[in-house]
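Enquirer: Quick one, fold the following:
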Amino acid sequence: METMTLNKTQKQQIQAYKMLGIEIEFLDDNTVKISQARLKNGYILNQRQLHERAKEIFPDKHIIPDVFSLGVNDITTEWIESKMKEFGIKRSDLVKQLALTKSYISLLFADDSNNRKINLSRPIKAMFFYYFLTYELNRDFRENQ
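Expert: So this is what the prediction gives:
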């Protein structure tokens, strides 16, 4: 990382974005990479939005946006069950709201000893992540009203 001289305003803006899960990295004297490393408040930015934010701070630099990438390794059936408990969601809610069959849900949550148990695929993990993120955002929105 190159050393770049920053003014007070730039330092404050970078620090504020860092608190929101957005990291700024200097690749060279003319290139800035802006990445959404973590989700804060569930707000996901696209490439254009990241680019605009970096251009506000560094109007004369080349900007490389790096959007949020979901890491699904932590999403397990135990994680799903804990989220269901947190939001008061029943298996029947999953069937109705995610268009999954009762059979699929039963096999997803089956004991490991069941040879028909379904393992979570990456797309299904992502589906559950965003499903529960929606519940989280709705809860937070209602609480702030």
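
Enquirer: And the helix ranked longest in the chain, how far out from the chain middle?
Expert: Assignment by DSSP state H gives helix 122-143 as the longest helix of the chain. Averaged C-alpha coordinates place helix 122-143 at 10 Å from its chain's average position (CA atoms, centre = their mean, to the nearest Å).

Enquirer: pLDDT on it, on average?
Expert: Helix 122-143 shows a mean pLDDT of 88.

Enquirer: Just the C-alphas of that helix, formatted as CSV.
Expert: Taking C-alpha atoms only, helix 122-143 is exported to CSV below (Å, rounded to 0.1, in the frame of the first residue of the first chain):
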residue,chain,number,x,y,z
ARG,A,122,-24.2,-22.6,-1.7
PRO,A,123,-27.3,-21.1,-3.4
ILE,A,124,-29.6,-22.4,-0.6
LYS,A,125,-27.2,-20.9,2.0
ALA,A,126,-27.3,-17.6,0.2
MET,A,127,-31.1,-17.8,0.0
PHE,A,128,-31.4,-18.3,3.8
PHE,A,129,-28.9,-15.5,4.5
TYR,A,130,-30.9,-12.9,2.5
TYR,A,131,-34.2,-14.3,3.7
PHE,A,132,-33.1,-13.7,7.3
LEU,A,133,-31.5,-10.4,6.4
THR,A,134,-34.9,-9.2,5.2
TYR,A,135,-36.4,-10.1,8.5
GLU,A,136,-33.6,-8.3,10.3
LEU,A,137,-34.1,-5.2,8.2
ASN,A,138,-37.9,-5.2,8.7
ARG,A,139,-37.4,-5.6,12.5
ASP,A,140,-34.9,-2.7,12.6
PHE,A,141,-37.1,-0.5,10.4
ARG,A,142,-40.1,-1.1,12.6
GLU,A,143,-38.1,-0.4,15.8
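
Enquirer: What is that helix packed up against?
Expert: On a contact count with 3 or more CB pairs under 8 Å, 6 or more residues apart in numbering; DSSP states H and E, helix 122-143 meets helix 77-87, helix 91-98. Heads up, the C-betas are built off the backbone N, CA and C, glycines and all.

Enquirer: any chance of those in CSV, with distance to Pro123 too?
Expert: Converted to CSV, those look like this (distance: least, CB to CB, whole Å):
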stretch, distance to Pro123
helix 77-87, 14
helix 91-98, 12
